[in-house]
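**Student:** Everything below, folded, please.
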Amino acid sequence: MVSSTVNVVRYTALLSGVFYGIYHRRTLQNAHDADKAHHVKHKREALIAQAKEEWKKKQAGDKDGVITDPENPRFDLES
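**Tutor:** Numbers count the residues shown, from 1 in each chain. Prediction:
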């Protein structure tokens, strides 16, 4: 038969391990969530930068000689 002291040590070690596991899981999850939020933020910034570049290219591509400003003296409605 196992003495009561051995049982106390066993269950203390078991409960300590369970609580350490819970604590360690929380710290890992918090680090993962922070990394994920950081990744999402930088992904959004990259998409915004890409959209700005595409918009600049589109605006530069529209300069094909057609004048769309009616106040411009070279504006021609028929062209």
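**Student:** Give the other helices and strands that the helix or strand hosting Gln50 contacts.
**Tutor:** Using DSSP states H and E, Gln50 maps to helix 4-61. Contact partners of helix 4-61 among helices and strands, from 3 or more Cβ pairs under 8 Å, 6 or more residues apart in numbering; DSSP states H and E: none. In this view, the C-beta of every residue, glycine as well, is placed from N, C-alpha and C.
**Student:** what residue ranges in the chain are flagged as low confidence?
**Tutor:** 61-65, 79 (pLDDT under 70).
**Student:** which residue is nearest the centroid of it?
**Tutor:** With distances taken as Cα atoms, centre = their mean, Val40 lies nearest the centre of the chain, 0.7 Å away.
**Student:** roughly how far apart are that residue and Asp33?
**Tutor:** Using Cβ to Cβ, to the nearest Å, we find Val40 at a distance of 11 Å from Asp33.
**Student:** How about the contacts made by Asp69?
**Tutor:** Asp69 makes contact with Phe75, according to Cβ atoms under 8 Å, 6 or more residues apart in numbering.
**Student:** From Asp33, how far off is it?
**Tutor:** Counting by Cβ to Cβ - Asp69 and Asp33 are separated by 51 Å.
**Student:** now do Asn72
**Tutor:** 55 Å.
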